[in-house]
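Trainee: sequence? don't have it. structure:
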């Protein structure tokens, strides 16, 4: 059985850049007087960047694998399996160097930041309207998944 293990890119560099920006903003907050508007805007930006870092760390997956049985992933909360028939939509997004894979199903939503699909895999999914089960069924006929 062939398995498609999605590649993870640039997680550490993105988190490092966000942490550096957060550190710089915290130092800036120390020196700004509280009565000015720039202090409140800097504080708001600090809170937003902190929230983004927390969401990225919590939703981060250490491994994401797709095979004919479904989707397997490992996160900080344990190992999980989603059957291929339950995945209704699988999409890959890439904006400004940030990559993520999003999966929708009947009762779940999976956000996997920093994972990428190759252009060949993306084209194959587009051909089947991003339906994972149809794509895997067609790939099993051709005996190759990659």
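Mentor: Now that the structure is in, tell me what you want to look at. Everything numeric here is computed off the predicted structure, so don't read it as measured data.
Trainee: any idea how far apart the tips of stretch 60-76 sit?
Mentor: 8 Å (Cα to Cα, to the nearest Å).
Trainee: quick one: low-confidence ranges for the protein?
Mentor: 1-3, 124, 128-131, 133, 137-146 (pLDDT under 70).
Trainee: where along it do the helices fall?
Mentor: Under the criterion DSSP state H, the chain contains helices at 11-31, 37-59, 119-127, 132-142.
Trainee: please spell out which residue in the protein sits farthest from the middle.
Mentor: residue 35 (38.8 Å; Cα atoms, centre = their mean).
Trainee: for residue 89, see how far away that residue is.
Mentor: 49 Å (Cβ to Cβ, to the nearest Å). Every residue, glycine included, has its C-beta placed from N, CA and C.
Trainee: gap between the residue farthest from the centre of the chain and residue 134?
Mentor: Residue 35 is 60 Å from residue 134, by Cβ to Cβ.
Trainee: how many residues are close by the nearest residue to residue 105 once chain neighbours are set aside?
Mentor: In this structure, residue 105 finds its nearest non-sequential neighbour in residue 86, 4.6 Å apart by Cβ to Cβ, 6 or more residues apart in numbering. By other Cβ atoms under 10 Å, the residues close to residue 86 number 16.
Trainee: which residues does residue 86 contact?
Mentor: With contacts defined as Cβ atoms under 8 Å, 6 or more residues apart in numbering, residue 86 is in contact with 70, 105, 106, 108.
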